[in-house]
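A.B. asks: I need the structure of the sequence given here:
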Amino acid sequence: MPGYQTKLEQVAISGVDDLCIRSLVDRQQFCDPLGAAERLGISSASWPLFGLIWPSGSHLAARLALRPVRSEERILEIGCGLALASLVGHRRGADVTASDCHPLAEAFLLENLRLNRLRPMKYRHGHWSPPVVSAIDEQALAQCVVTGRYDLILGSDLLYERDERGSLAHFIASHAAPSAEIWIVDPDRGNRAGFHRHMLSLGFAGDEQRYVSARAASAGATSFRGRMLTYRRTRAFVGSGPRR
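C.D. replies: Got it, this is the predicted structure:
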């Protein structure tokens, strides 16, 4: 037994075939016997959140399902959790890299690729506000962190905590190609305004689409209230990290 309980569920994303997803049973699951999550700054309360299906993630996947697959376009999903959007894009033939900071995110992705009979896809460790870790952890993470630039960077429900230094915006800017597009689905978190200011300061122009009692993006999901935030570069990014 892995120390946590899982379930299999069929997830219907609008516009594409159903996905069979292995997820955690509920928000009460927790297993960190070696302290790997704790060293990455993941508390016991937030530990299970990566392994659940969230309405914002379903909406992000549904939006990507409508995007034409473009040759030579590189896509990065940040804070992917169960990586619904990445799985949708990958199955349609897009060049997608999924990323998260949770130590089990990659294992769940590998299992969900197997369950859906999909070929291997790229996964990288992505942490926009990395904590202090041991030398051993740092050496291991250095081998698998997000690198390079991407044409489309997307994520869902990322604005769940205060980010006064703009770590998330700087992470995005450091991996965004010169003509990159950014998609963030936000379920009306209170930190949206701060994130928007940081993005503008880093040379992005932004827009938002309001979801008001929108039709659920997946079968069995509740209606969703939130916003689709989109950004494009207007000037080059200079710098390698958040202002301190």
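
A.B. asks: tell me where the chain has strands.
C.D. replies: Using DSSP state E, the strands found in the chain span residues 6-11, 19-24, 74-77, 95-100, 122-125, 150-156, 176-186, 204-214, 224-233.

A.B. asks: my read: G93 touches V69, true?
C.D. replies: Yes: here G93 lies in contact with V69, judged by CB atoms under 8 Å, at a distance of 5.0 Å. Placement of C-beta: from N, CA and C, glycine included.

A.B. asks: which of those two has more neighbours?
C.D. replies: Applying other CB atoms under 10 Å to G93 and V69 shows that V69 carries more neighbours, namely 12 against 9.

A.B. asks: now do the same contact list for the residue nearest to R27 when sequence neighbours are not counted.
C.D. replies: In space, R27 comes closest to P48 once its chain neighbours are excluded; the distance is 5.1 Å by CB to CB, 6 or more residues apart in numbering. By CB atoms under 8 Å, 6 or more residues apart in numbering, the residues touching P48 are Y4, L24, D26, R27, Q28, Q29, F30.

A.B. asks: tell me the contacts of E164?
C.D. replies: Neighbouring residues of E164 by CB under 8 Å, 6+ apart: G194.

A.B. asks: let me know the pLDDT of it.
C.D. replies: Looking at E164, its pLDDT reads 90.

A.B. asks: equivalent analysis for the one 4 residues further on, please.
C.D. replies: At L168 the predicted local confidence, pLDDT, stands at 97.

A.B. asks: ok, now G81?
C.D. replies: pLDDT, read off for G81, is 98.

A.B. asks: what is the burial count for the closest residue in space to L158 that isn't next to it in sequence?
C.D. replies: Once its chain neighbours are removed from consideration, L158 has its nearest residue in G79; the separation is 5.0 Å (CB to CB, 6+ apart). G79 has 25 neighbouring residues, counting by other CB under 10 Å.

A.B. asks: G79 against L159, yeah?
C.D. replies: No: with contact taken as CB under 8 Å, G79 and L159 are classed as non-touching, separated by 10.1 Å.

A.B. asks: where does this protein dip in pLDDT?
C.D. replies: For the chain, the stretches with pLDDT under 70 are 1, 130-143, 212-223, 236-244.

A.B. asks: can you rerun that using 50?
C.D. replies: Judged against pLDDT under 50, the low-scoring parts of the chain cover residues 136, 214, 216, 219-220, 240-244.

A.B. asks: now do the helices in it.
C.D. replies: Along the chain, the stretches classed as helices by DSSP state H are 36-39, 55-66, 84-91, 105-115, 135-142, 167-175, 192-201.

A.B. asks: ranking those by burial, who's on top?
C.D. replies: helix 84-91 (a mean of 26; mean count of other CB atoms under 10 Å).
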